[in-house]
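Here's a sequence, model it:
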Amino acid sequence: GSFHEKCDFETDPCKALQELNLQSGWITRNGRSGMGPPYSDHSGNESAYFLSLSSETWSSSAALRTNVFLPTDEEHTCQITFHYWISQMSGTLRVGLQKLPEDTITNIWQVSGELQDQWKKHTITVNSTEKYEV
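Numbers count the residues shown, from 1 in each chain. Below you'll find the model as predicted:
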């Protein structure tokens, strides 16, 4: 069966994301916040909110973590589609997979140093025989 969950940052961070620990450097803002680009979300809406790294964390790293998902199989696949914006040449965006109860995080996708200052969309497909977080 297909199950789509839209993430909207207007009211809550998103059911798929663990409670955003805002001390980790992520802030919720929109294009009118006076913090510079992007001046709208991926659909061109200036008042719609998105997650952004606070300027204090630009030189370090910050993570977002999903809740625990159940194992995947032929019937139950997992696809995550997200929009992203990279505004610095030095930034790298990584998607990692942590199978539970393991400690290691496997890098399953990353992007850096590509065309800056525009919204891009990416879809990843996750396969895991154990419970996992992304």
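
Low-confidence stretches in this structure?
Residue ranges of the chain with pLDDT under 70: 1-3, 13, 19-23, 88-90.

Show me the strands in the chain, by range?
Along the chain, counting by DSSP state E, strands occupy 26-29, 50-53, 78-85, 92-99, 106-112, 119-126, 132-133.

Residues in contact with the fifth one: which ones?
With contact meaning C-beta atoms under 8 Å, 6 or more residues apart in numbering, strand 106-112 is reached by 84, 86, 90-99, 122, 124, 126. Every C-beta, even on glycine, is put in place using the N, C-alpha and C of the backbone.

gap between it and the chain center?
Distance of strand 106-112 from its chain centroid, counting by C-alpha atoms, centre = their mean, to the nearest Å, is 12 Å.

Test my guess that Asp41 contacts Gly31.
Yes: under the criterion of C-beta atoms under 8 Å, Asp41 makes contact with Gly31 at 7.1 Å.

and for these two, which residues touch both?
Residues touching both Asp41 and Gly31 (C-beta under 8 Å, 6+ apart) are Ala48.

How much space separates Gly31 from Pro37?
To Pro37, Gly31 is 8 Å away according to C-beta to C-beta, to the nearest Å.

Comparing the two, which residue is more hemmed in?
Gly31 (19 against 11; other C-beta atoms under 10 Å).

rewinding a little: adding mean neighbour count and distance to Asp8, write the strands of the chain out as TSV.
As requested, the strands of the chain are exported to TSV (neighbours: other C-beta atoms under 10 Å; distance: least, C-beta to C-beta, whole Å):
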stretch	mean neighbour count	distance to Asp8
strand 26-29	17	11
strand 50-53	19	10
strand 78-85	14	12
strand 92-99	16	20
strand 106-112	12	23
strand 119-126	13	16
strand 132-133	18	21
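
With distance to Glu5 as new columns, can those be given to me in CSV?
Shown next, in CSV, are the strands of the chain (distance: least, C-beta to C-beta, whole Å):
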stretch, distance to Glu5
strand 26-29, 18
strand 50-53, 16
strand 78-85, 10
strand 92-99, 17
strand 106-112, 20
strand 119-126, 14
strand 132-133, 16
